[in-house]
Each structure stands twice: as structure tokens, then as C-alpha cells.
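give me the fold of what follows.
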Amino acid sequence: GDLYRLGVTVSGASVKGLELTFLDAVSPATSLVALKTGHLFVAAEFGDHFVYSLLPSAQAPDAEGAAPLEVAVQGGKIIVPHFVRPASAPLRHLALQHTLSSLAPLIDAKVLDLAKEDAPQIYCLCGRGPRSSLRILRHGLAVTEFATQDLPSPPVGVWSVRGAPGDTEDKFVVVGFAASTVVLAVGQSIQEVHTSGFLREVRTLLAATLADGSLLQVHPRALRLVKPGGAPPLDIPPPRQSEIVRVAHSPTQVVCALRDHSLVYYELEAGNIVHKESPETGGVELSAVALSPPTGPKNKSKFMAVTCSENTWVVRIISLEAGPSYLQTVARQALGETRPDSLLFASAQPAVLFAGLANGVLVRVGMDTTTGLLLPDVRTRVLGKRSVRLLPVQANGAEGVLALSSRAWLSHPASAAQGARQLLTPLSYEEVEDACALSIPACREAMVVVTRSSLRIVSVDSFGGVFNQESMALPHTPRRSVMLKGAQLLVILEGDHNDAQNRDK
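A predicted model of the protein is given here:
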């Protein structure tokens, strides 16, 4: 793996001298590609491949560590420098820019769940000699943590709120508990504030920014509208002194499902939330509501989705567009005997309605955005053992859907190499209770996630691969791996020919 620089002294058409100097030690390579941009690609014989940038010192490397060595050439002897430098020495004239992962040569592999993650991992023995490694492959997207904060009790919900509709960064993170609410200001640091206008002694069901810049807080007893400019907050209780149990919103609309099995529909008009005529539900149990993606100059949703218990669970599509079908059911789709706990529209073409069921199944139904009719192509997928909760996030430069069950899954647009399609990929992360999208200067596509009694800011590293991997260096070439079932341990057998004798020398 030693890399040398050969300098040629030329006079006219004649070569007058050669100068050989040592640069650095890299992986033994099958080929090298030097680019005009000053980069060097090393196609390794085994293990990962690397892209280095040549530092200015590479143009005139010193001869440190060189020892003269006599070599017989064409009946004579010449003196050439011989460099002795360990492979583990730090790079002096190269800077690593990128690593292209490679499992070759793959010597052995085991599919096990040693980490108890409810999904098996692939343990691979790779490489040769001192550059060998144990690679742990997990199906899913790698997640990076930016910050974590322990909380006094498990939250029941979390929302990110922007200061104004045109802002590109979030201003608040609202954390809801069983009987209280905490508002955190997002800046150089995240700190609790008491001047947001939100009530702190209630259980928050929703926090959002409306089209006129007002902040909306929904709790079981009322809708609270915090207007910009310091005006007193406005509290709007639901009719019949009922209690709000489910809520969905767009920038100009709010729909609430009440405990008495009725729906209440509001619109934003002249800075106020106005109660409109509500659709009839027939008094059946309602388990989830959602609004379609807003469109047009008024930034309004054209359709509402609600799940109802009608002998079997059914999702209804209700029109919110002025006309003969206003507040009428325009389509319905049976979901089966299992209760749906969450609904969410995805901004795809055509639009897609996701339904999360209590048995861990995700249902996906296409919808015509003009008529509201549901398409016949209904797809289902088992995500885990826990009820599925659906949340909107930003992923890979577009709107995505985060589906939370016993494992977190992300519906996102594929990378350019994978074609123009939507993918549903698990996250390689521990169980997530709740989450929301977060836009901060360090990452526009971050997320705030709740895991047990902690609040964490995370992001997805990349969207190009099916697996993410961890690597652990091994000192010798691995030969076999054996699992000790009683102790849940993986034993790795390593060995290299004549290695002990070389080490003693």
C-alpha cells in the first residue's frame, strides 16, 4: 500500500534524472486514478475504496525515513531510497475526502438479532490482514443525533411552530404532556419560554401556524388563537360543551372530532376562526381525521378524510369545495375490522391517503385530487406490533410521511439513481413514540423525536442505500464466526500466515 511520487528531470528529449520519494501508505490498490482537480482515487484490492485530495506538500515531499539501498541494474549498481513507514501512520500529503464502502472480500456472514432490535442484523467478516473489519448491516436509513434532552415524564405529543407563514426556520417546539404543555424557543440553544401565548396547564392536541401568522393551540376544551402583534388570545370552545378528541388543520382550516361523535369545521376569515356548517356523521364513532394538501390561491384543502365505525371501519372522503357536493361524502373505502388510529395525506401525484391501523398495518390508497374519488389500488404493509401513527416531515428535498409503530418508517422520494418513485424505508433507530419536522440552520430536514422520556433532534444521513453499516476494525484476517447462543455473543476466529513470527521480529 505504499504510495510513491516519481519525479522525472527532462532536458529536451532526454531524461536526465529520476527522483523517487515516499508520499503515504494507503490500502493496496488494483488501480489508481489521478484527476486534474487534484484528487486521487484508490480502487482498493480489498475493503473500502477512497478518494483523496493531494495537499500542496505532495508536490515536494521530503525524504524523511529514507534509507539507501543498492540495487543491481544491467550489470551495475545504483542507489535507490528505501522508505520504512508503518501502514498505521497518519497521512502527511493526502487528505481523505470520500469513502466508497465495499464488503469485498466477504469471508463469512451471519443473520442475527444480537442487538434485540426486533429486526435482524447482518454480521459480515470482511477484508484481509490488518485492514480487516466486522461490518454490522442494518436494513434502513442511518440516523444522526444532534442533541438530546431528558424530560420529567413521557410526552404525549410534539409539534414545531414557525413564527410566520413565510419563515424557513421553526421558532418554537411545543411539547405536550398528559396535563400540561411546555413551549421551547428554537435558536442558538433551545430554552423554555412563557411568552408564546399558549396555555401551559392543558393537554395540547395540536400546535401550528395559520396563514395570517396567528398561532393555533388546540386542547380538549377549546381552540386558542394567538394573534400577531400582541393582541389578546382568542379562545373558541367547541359546541355543546363537548370535548375535542381528534384534530386536523391546513393553513386556513381546522376540523375537530368531538367526543359526542360529531365533526366541527372551522375556516380562517379576517383573522378569526369561524365555525362553518359541519358534515353529518350519523353519530358513529370517529377515530381519525385529516385534510388534503392545500391548493389554489386561498391555500385551502378541497377534501376531508374521516374514519368511521359502520359495522366495519370505513374512511370517508368529504368535499370542502363550494358547490352541490359541499360537506357531502364523495367516496368511501372499507378498511376492515381493525380500528384506524391515524390518517394523513401525502403530497404526491396522484395524492395518496395513508391510514395507520391499531394492529401495526399501514394502508395506502390513491385519490383523484379533482373529484376526491379513491382509486382501486389499495396497498397494505405490516410495519410493526404497535398502532401506526402518521406524521408529516421533510425528506430528501420533498414532503414525506413518518410512520411510527414498534419501528419507525419513512415514506420519501427515491434518489435520482433509484428513479422517480416513492419508497417506504425503515429507520435504523430505537423505538420512537412521537415526532415532528424541524427546520434549523444546521439542517433543514431535521426531526424532533420522542423516545421514552427524552427529546432528541435527529436527521437522516442519506437516502441512497438500502442498508447502513457500522464497522469494527480487526487486527487479523477473519476466518469464521460462531454465535454462542446462551451468552448472545459472536466469536470471531482470526489468523494470518506467519504473523506471529513477523511480529516477534
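
find me the pLDDT at Gln188, would you?
On pLDDT, Gln188 comes in at 79.

do the same with Gly129
Model confidence at Gly129 (pLDDT) stands at 87.

start at 695 instead
Renumbered: residue one is now 695, and that last one reads Gly823.

pretty sure it is touching His1170, no?
Yes: between Gly823 and His1170 there is a contact under C-beta atoms under 8 Å: 7.2 Å. Quick note: C-beta positions are derived from backbone N, CA and C, even for glycine.

between these two, which contacts overlap?
Each of Asp1190 lies in contact with both Gly823 and His1170 under the rule C-beta atoms under 8 Å, 6 or more residues apart in numbering.

in the protein, which strand is the longest?
Counting residues, the longest strand found in the chain (DSSP state E) is strand 708-719.

what's the following helix or strand after that strand?
Under the assignment DSSP states H and E, the closest C-terminal helix or strand after strand 708-719 is strand 723-728.

strand partners (parallel or antiparallel) of that following strand?
Its sheet considered, strand 723-728 pairs with strand 733-738 (antiparallel) by DSSP bridges.

and the strands in the stretch 795-944 of the chain, which stretches?
800-806, 815-820, 826-833, 835-844, 851-855, 866-870, 875-880, 884-887, 900-903, 909-913, 916-920, 928-930, 938-944 (DSSP state E, counting those that start in this stretch).

any chance of TSV for those strands, columns distance to Gly732 and mean neighbour count?
Converted to TSV, those look like this (distance: least, C-beta to C-beta, whole Å; neighbours: other C-beta atoms under 10 Å):
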stretch	distance to Gly732	mean neighbour count
strand 800-806	33	14
strand 815-820	30	21
strand 826-833	29	19
strand 835-844	29	14
strand 851-855	42	23
strand 866-870	43	23
strand 875-880	40	20
strand 884-887	41	12
strand 900-903	47	22
strand 909-913	51	24
strand 916-920	55	21
strand 928-930	62	15
strand 938-944	51	21
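
out of these, flag the one nearest Leu1084.
Each of the strands of the stretch 795-944 of the chain was scored for nearness to Leu1084 using C-beta to C-beta, and the closest is strand 938-944 (11.1 Å).

could you check the angle that closest one makes with strand 916-920?
If you take axes from the mean of the first three to the mean of the last three C-alpha atoms, to 10 degrees, strand 938-944 sits at 40 degrees to strand 916-920.

which neighbouring elements make contact with the next helix or strand after strand 938-944?
For strand 938-944, the succeeding helix or strand toward the C-terminus, using DSSP H and E, is strand 947-952. If you count contacts as 3 or more C-beta pairs under 8 Å, 6 or more residues apart in numbering; DSSP states H and E, strand 947-952 packs onto strand 909-913, strand 938-944, strand 957-963, strand 980-985.

what residue in this protein is the furthest from its centre?
Farthest-out residue of the chain from its mean C-alpha position, per C-alpha atoms, centre = their mean: Gly769, at 66.0 Å.

quick check: the gap between that residue and Glu974.
Going from Gly769 to Glu974 by C-beta to C-beta, to the nearest Å gives 106 Å.

try Asp802
Distance, Asp802 to Glu974, using C-beta to C-beta: 64 Å.

run through the protein and note the low-pLDDT ranges.
In the predicted model, the chain carries pLDDT under 70 at residues 753-761, 774-782, 1042-1043, 1110-1114, 1194-1199.

quick one: Ala1108 and Leu1117 touch, right?
Yes: using C-beta under 8 Å, Ala1108 is in contact with Leu1117, at 5.1 Å.

those two: who's more crowded?
Set Ala1108 next to Leu1117 and count neighbours by other C-beta atoms under 10 Å: Leu1117 wins out with 18 against 15.

thinking that one is in contact with Gly1094, fair?
No: between Leu1117 and Gly1094 there is no contact under C-beta under 8 Å: 9.6 Å.

excluding chain neighbours, what is closest to Pro988?
In space, and not counting its chain neighbours, Pro988 is closest to Ser944: 4.6 Å by C-beta to C-beta, 6 or more residues apart in numbering.

and the one you found, what is it in contact with?
By C-beta under 8 Å, 6+ apart, Ser944 lies in contact with 985, 988, 993-995.

for it, give the beta-bridge partners.
Ser944 forms beta bridges with Gln947, as assigned by DSSP bridges.

Leu1068 too?
Using DSSP bridges, the bridge partners assigned to Leu1068 are Met1061.

give me the neighbour count for it.
Around Leu1068 there are 20 other residues, counting by other C-beta under 10 Å.

which ones are touching it?
Contacts of Leu1068 (C-beta under 8 Å, 6+ apart): 1011, 1025-1027, 1047, 1059-1062.

what about the strands in the stretch 945-1094 of the chain?
Going by DSSP E, counting those that start in this stretch, the stretch 945-1094 of the chain shows strands at 947-952, 957-963, 966-969, 980-985, 997-1004, 1006-1013, 1023-1030, 1034-1040, 1045-1051, 1055-1061, 1068-1076, 1083-1089, 1092-1098.

and the spatially closest residue to Arg894 that is not a sequence neighbour, how far is that from Val912?
Of all residues not flanking Arg894 in the chain, Thr875 sits nearest, at 5.3 Å (C-beta to C-beta, 6+ apart). Noted for Thr875: a distance of 11 Å to Val912, by C-beta to C-beta.

what is in contact with those two at once?
By the contact definition C-beta under 8 Å, 6+ apart, Thr875 and Val912 are jointly contacted by Thr898.

buried ones among the contacts of Ser944?
985, 988, 994-995 (16 or more other C-beta atoms under 10 Å).

and these, which two are the farthest apart?
Taking C-beta to C-beta as the measure, these span a maximum distance of 9.0 Å, between Leu985 and Lys994.

what do the two both touch?
Common contact partners of Leu985 and Lys994 (C-beta under 8 Å, 6+ apart): 944, 947, 1014.

adding distance to Asp1193 as columns, could you present these in TSV?
TSV is the format used below for these (distance: C-beta to C-beta, whole Å):
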residue	distance to Asp1193
Ser944	67
Gln947	71
Leu1014	74
